[in-house]
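**Q** Give me coordinates for this.
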Amino acid sequence: MPAKGKTTMKTRALPIFVVASCVAIAAGVVCADFKKGYYSPDPLGSIQQAAPAALPPDAGYEVSSYPVPTLELAPGDGRQDVQIYCNTCHSPRYITMQPPLPAATWEAEVIKMNKAYGAGIPEDTSRKIVAYLQAHFTPENRKP
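**A** Predicted coordinates:
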């Protein structure tokens with residue numbers, strides 16, 4: 001047993017542990033308050049929009065038309081069919097945005113549009129569209 005008035009590590013450890021725990025809890029509370037922030041106690045739904053500008057009664061406003069990009073489809077047999085049937089789901093410009101695709105890929109794309117997406121292109125027209133795409137949008141004949 002230690003002499004009277006002498007402290008040991010055991011007797012010092014408990015108060016140090018208690019003080020350290022209190023400091024850690026206080027730091028956590030302060031940190032939590034900083035993270036959650038302080039907001040005014042306004043009721044929900046109180047956000048107001050600015051008042052609209054006062055307009056004179058004879059004010060007139062117009063919006064100009066949007067520019068329509070020119071169609072970049074090359075002239076040739078099947079162009080009109082491409083413009084009619086492909087325009088059902090997407091702009092023909094979508095075709096010109098594709099990289100040059102092999103002939104077999106264009107055929108597969110037209111078949112996919114018909115079967116998977118239900119484009120409803122008649123068989124003879126599908127052949128004309130495939131021939132047109134193969135004639136103008138493959139790596140061999142794509143013009144920059």
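**Q** In terms of helix, strand or coil, where does Asn114 fall?
**A** Secondary structure, DSSP: H, G, I helix; E, B strand; the rest coil: Asn114 is helix.
**Q** Do I have it right that it meets Thr125?
**A** No. Using C-beta atoms under 8 Å, Asn114 is not in contact with Thr125; the gap is 10.0 Å. Yep, even glycine has a C-beta here, placed from its N, CA and C like the rest.
**Q** Tell me the pLDDT of Pro100.
**A** You'll see Pro100 listed with a pLDDT of 91.
**Q** Can you pull the phi/psi pair for it?
**A** Here is the backbone geometry of Pro100 (degrees, to the nearest 10): phi -60, psi 120.
**Q** What is the burial count for it?
**A** 15 (other C-beta atoms under 10 Å).
**Q** residue contacts, it?
**A** Residues near Pro100 by C-beta atoms under 8 Å, 6 or more residues apart in numbering: Phe137, Thr138, Pro139, Arg142.
**Q** Which of the residues you listed are buried, as a ChimeraX select command?
**A** In ChimeraX, this line selects whichever of the contacts of Pro100 come out buried by 16 or more other C-beta atoms under 10 Å:
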select :137,138
